[in-house]
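In: next one to model:
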Amino acid sequence: MDRAELTAEEARAGLKQLDPLIDQYARLVVRTGVNVKPGQEMVIQAPVETSDFVRRLVKHGYAAGAGHVTVIWHDDVVTRLTYENVETSYFEQTPEWQRLQLDSLAEDGACFIFVEGADPEALKGIDPAKPAAASKARNTQCRIFRRGLDFNINPWCIAGAPVPAWARHVFPGVPDEVAIYSLWRAILSTARADGADPESDWDLHNATFEKNLRFLNERRFTALHCTADNGTDLTIGLIDRHLWAGGCGETPDGHPFFPNIPTEEVFTSPDCERVEGIVYSALPLIHHGNRVDKFWLRFEGGRVVDFDAVVGRDVLESILNTDEGARRLGEVALISKNTPIRESETLFFDTLYDENASCHLALGIGFAECYEGGYDMTPEELREHGVNTSSTHVDFMIGTDDMDIMGICADGTEVPVFVNGQWSWE
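Out: Next up is the predicted model:
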């Protein structure tokens, strides 16, 4: 039955039938996502509207042996009211209690689950400088916490759960119950959590990354050249000792975890000094509850020198003005159009999902794991070798169905990597 034909009562009945799948999805996030260790602190940051799912995470956390579970709640409405009534200067400092909370949890070796679920337009009309200041303050002042995530010292996982305002954006024009039911089905499907054994399915999924990673890491391209009919013509330089990663991540001591559920990407950090040309967005960017759409960026010497957007130009400008590193790339990620998210033809209005439907880039900080020996280097040392530093990391989607990507070898020869939006060997 098509979702448009469902009644609210039928959707409620359908949601009850999904209950076992939602529960095993929560188990997947705990056991495969952060892969909580016996005795470890597990931290959950989540919207108040996802309380039922959070309770499942807590249950499975303790069942897996977590020593303690801490839940940190947030709420779109309260956040908006705060931005409406408090001056920008307040957000330039992270409150001491919050810094101590996050830094102490990270220092004690906690793993972190971030439940994604928000109104894509929660902050529409809010001065973008306010959430930008708050984000920059948290990322620069909660230093132990940020280093723990950026260097994979603390296992972490972002996973989605529906809230009504988000569901209405993804599935407009139907009763809330139908939209929420439909979004749950989409989340479970794209997360590979709707089968009989999701954990085994993720073991198999992780194995599929190996061929692509082997191809890229063996060839050591010096650059990638991306072109598409929308005008994208961008050359992205790669560092000599760059590494491609994807699928399962690891802490420096070898503990496996999955930072994103779902995930379809292989990625690396480019040489932030060697990016040339122009790139056009393929999907909207939702940033701090504000939408940026139909935008482009022009790079010279690795730096954004010009840009524009049909929707949300001021938001895009606030991202670029976060700091010097925000105008340079920290990530290039390759994703075939032949993925469950892309094939669902669903626009999620959420970066966790939409970035896994499209090749994407990220403005801001790069990854220590994507440079040989990077875990043993300081951010300053990484920057000297071309890995970008910044207090932000903002993904935006560039992959189109007709995108071609050529890998440029050290001797100047070119090897097809993507043809018409998919791996050249697909």
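
In: and stretch 149-161, how far apart are its ends?
Out: One end of stretch 149-161 sits 21 Å from the other (Cα to Cα, to the nearest Å).

In: cool, and stretch 253-268?
Out: With Cα to Cα as the measure, stretch 253-268 spans 20 Å from end to end.

In: element containing Ile126, please.
Out: Counting by DSSP states H and E, no helix or strand carries Ile126.

In: list the contacts of the closest residue to His68 other than its chain neighbours.
Out: In this structure, His68 finds its nearest non-sequential neighbour in Glu41, 5.3 Å apart by Cβ to Cβ, 6 or more residues apart in numbering. Placement of C-beta: from N, CA and C, glycine included. When contacts are counted by Cβ atoms under 8 Å, 6 or more residues apart in numbering, Glu41 touches 66-70, 105, 108-111.

In: from Leu316, how far out is Glu41?
Out: Using Cβ to Cβ, to the nearest Å, Glu41 is found at 37 Å from Leu316.

In: return the set of buried residues in stretch 63-70.
Out: 64, 66-67, 69 (16 or more other Cβ atoms under 10 Å).

In: and what of stretch 366-373?
Out: Within stretch 366-373, the residues scored as buried using 16+ other Cβ under 10 Å are 366-371.

In: between those, which sits nearest Val417?
Out: Nearest to Val417 out of the buried residues of stretch 366-373 is Cys370 (Cβ to Cβ; 16.8 Å).

In: check what pLDDT the closest one gets.
Out: On pLDDT, Cys370 comes in at 95.

In: give the contact list for it.
Out: By Cβ under 8 Å, 6+ apart, the contact set of Cys370 is 242-245, 267-269, 387.

In: need the max-distance pair from those.
Out: Spatially, the most separated pair among the contacts of Cys370 is Trp244 and Val387, at 13.8 Å (Cβ to Cβ).

In: separation between the residue sitting nearest the centre point of the chain and Ala333?
Out: The centroid of the chain falls nearest to Leu352 when counting by Cα atoms, centre = their mean (4.3 Å). Per Cβ to Cβ, Leu352 is found 13 Å from Ala333.

In: ok, now Glu84?
Out: Relative to Ala333, and taking Cβ to Cβ, Glu84 is found at 35 Å.

In: and for Gly249?
Out: 14 Å.

In: over to Tyr83?
Out: Distance check for Tyr83 against Ala333: by Cβ to Cβ, it reads 30 Å.

In: comparing Glu84 and Ala333, which residue is more hemmed in?
Out: Between Glu84 and Ala333, counted using other Cβ atoms under 10 Å, Ala333 has the larger neighbour count: 24 against 12.

In: which helix or which strand is home to that one?
Out: When elements are assigned from DSSP H and E, Ala333 belongs to strand 329-334.

In: roughly how far out does that strand sit from the chain middle?
Out: How far strand 329-334 lies from its chain's middle: 12 Å, per Cα atoms, centre = their mean, to the nearest Å.

In: then stretch 242-261?
Out: That offset, for stretch 242-261, works out to 14 Å (Cα atoms, centre = their mean).

In: same check on stretch 295-303?
Out: With Cα atoms, centre = their mean, you get 21 Å for stretch 295-303.

In: repeat for stretch 141-149
Out: How far stretch 141-149 lies from its chain's middle: 17 Å, per Cα atoms, centre = their mean.

In: buried sites along that stretch?
Out: Buried residues in stretch 141-149, counting neighbours by 16+ other Cβ under 10 Å, are found at 141-142, 144-149.

In: do the same with stretch 271-278
Out: Neighbour counts over stretch 271-278 (16+ other Cβ under 10 Å) mark 271-272, 274-277 as buried.
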